[in-house]
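> A predicted structure for the sequence below; I have some questions about it.
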Amino acid sequence: MIIQSISIDIVSIVITSIISIAGIMVPAIIGIFQFKKESYNKRVTEERIRWLNKVREDYSTIMAAYDLKHAGINNYCQPQVDKDYYDKMMFEATQAKYNLISRLNTNKLEGNEYNYYLKDILSKMEFIATDKYIFSDEELSLFKEYMNLMLEAEWQKSKKETN
């Protein structure tokens, strides 16, 4: 009887200990997983915002160079524009063009509807070559509109990820 009573006491102590440890460990483990998920989401959001800022920077470089080259303000028409500055702008715009093309996701259509048109327009833009394709006002307006729509869609994704 005493042995049976001691056995029951030991079993109840072991069960109580297991339940206590589980009560402490389970919330701790859940907290670690939540922290990792929050940390991952924060990192993804930070990278998306960095990506958006770089796209905006490349876009503004391209548009400034396009305006400089195609609005009648170039080295040949306006000698007051410094040739070195002009050449530097054209080179930077060419780099930005290819950076932007490489950032556009065209693997799948869903969620990337604007990217195909943007890639097509960017591919036609020339900054260094003397033969230049001049876009119609409608093409350029559509390019700007699609760029803004694409950036807005990406911004909404990053806002959604933070929640």
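Received, thanks.
> contacts only, for Y40.
By CB atoms under 8 Å, 6 or more residues apart in numbering, no residues touch Y40. C-beta here means a position set from N, CA and C on the backbone, and glycine is covered the same way.
> check it and give its pLDDT.
Looking at Y40, its pLDDT stands at 75.
> could you measure from it over to W51?
For Y40, the distance to W51 (CB to CB, to the nearest Å) stands at 16 Å.
> can you check L140 too?
L140 sits 24 Å away from W51, going by CB to CB.
> now do L104
11 Å.
> more neighbours: which of the two?
Set side by side, L104 and W51 show more neighbours around L104, with 17 against 13, by other CB atoms under 10 Å.
> for stretch 51-64, list the C-alpha coordinates in PDB.
Extracted in PDB, the C-alpha atoms of stretch 51-64 (Å, rounded to 0.1, in the frame of the first residue of the first chain):
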ATOM      1  CA  TRP A  51      13.200  47.900 -54.500                       C
ATOM      2  CA  LEU A  52      10.400  50.500 -55.000                       C
ATOM      3  CA  ASN A  53      12.800  53.400 -54.200                       C
ATOM      4  CA  LYS A  54      15.400  52.000 -56.600                       C
ATOM      5  CA  VAL A  55      12.700  51.700 -59.300                       C
ATOM      6  CA  ARG A  56      11.600  55.300 -58.700                       C
ATOM      7  CA  GLU A  57      15.200  56.500 -58.900                       C
ATOM      8  CA  ASP A  58      15.800  54.600 -62.200                       C
ATOM      9  CA  TYR A  59      12.500  55.900 -63.600                       C
ATOM     10  CA  SER A  60      13.300  59.500 -62.800                       C
ATOM     11  CA  THR A  61      16.800  59.100 -64.300                       C
ATOM     12  CA  ILE A  62      15.300  57.700 -67.500                       C
ATOM     13  CA  MET A  63      12.600  60.400 -67.800                       C
ATOM     14  CA  ALA A  64      15.000  63.300 -67.100                       C
END
